[in-house]
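Chemist: quick one, fold the following:
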Amino acid sequence: MKWIITFFKSSLGRKLIMALTGLFLIVFLMIHLTGNSLLLLNDEGEAFTGFVEFMEENPLIKITAYLLYLGFIIHILQGIVIYFTNRNAKGGTYAVKTTANASFFSKYMFWFGVMIFIFLTLHLINFWLGLKVTGEFGNEELYGKVVTAFHNPVYLVVYELGMIALFMHLRHGFHSAFQTLGWNHKKWTPLIKCLGNLYSIIVPLGFFIIPLYIYFFK
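Modeler: The predicted structure follows:
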């Protein structure tokens, strides 16, 4: 048991946790985008509300939701630990001291993560808190709450900035996670990078378009 704790406290162990939780969150984003895409339908939110109710009532989804919360917390905490550990080891600002061939996305990945965290906090306050904790509104009222929020220009801008930060974070994070897991191969690595690039564009773009559609057409 002690060696397991020691491993997960090591640099490799922390990166492994980051990779696994990151991939878990990547899957969640696809499911979340699927549900949000129903907001584009002109059905007064019927399909979207049905999707939310299904997610609320399915026991397996409920269990997965708690794992999701845990995954977010672990991913954020490990990201902070890794950033400051690397910064202290390099004796200065991490973004400046990285290798010359490091990409823009990898150099500033931590700060994109910070932007996502700020966005996520505001997003949870607006929706998750009222739906899950305070009971301020129910599933049937969530659609109206979302439409109202996206008609607020300030929230719209904050949301879109969050999606830009998500693109930046995923641009490096997707294939980096597979690299950390040791899935490097001259045949498969280019394919993984290609899929990562497509995912980092398509998923954030999907989230980006939905609020604009609601703002201009609903």
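
Chemist: okay, and the helix or strand of the protein with the least pLDDT?
Modeler: Lowest on mean pLDDT, DSSP states H and E among the helices and strands of the chain sits helix 94-97, with a mean of 44.

Chemist: now do the same contact list for residue 54.
Modeler: Residues counted as contacts of residue 54 (CB atoms under 8 Å, 6 or more residues apart in numbering) are residue 61. Bear in mind the C-beta positions are built from the backbone N, C-alpha and C, glycine included.

Chemist: which helix or strand contains it?
Modeler: Using DSSP states H and E, residue 54 sits in helix 46-57.

Chemist: so which bits of that helix are buried?
Modeler: The neighbour-count criterion (16 or more other CB atoms under 10 Å) identifies 47, 48, 49, 51, 52, 55 as the buried residues of helix 46-57.

Chemist: likewise for stretch 129-142?
Modeler: Using 16+ other CB under 10 Å as the test for burial, stretch 129-142 gives 130, 131, 139, 142.

Chemist: spatially nearest residue to the first one (excluding sequence neighbours)?
Modeler: Here the nearest residue to residue 130 in space, its sequence neighbours aside, is residue 136; by CB to CB, 6 or more residues apart in numbering that works out to 3.7 Å.

Chemist: helix, strand or coil for that neighbour?
Modeler: Following DSSP: H, G, I helix; E, B strand; the rest coil, residue 136 is assigned to coil.

Chemist: likewise for residue 187?
Modeler: Strictly by three-state DSSP, residue 187 counts as coil.
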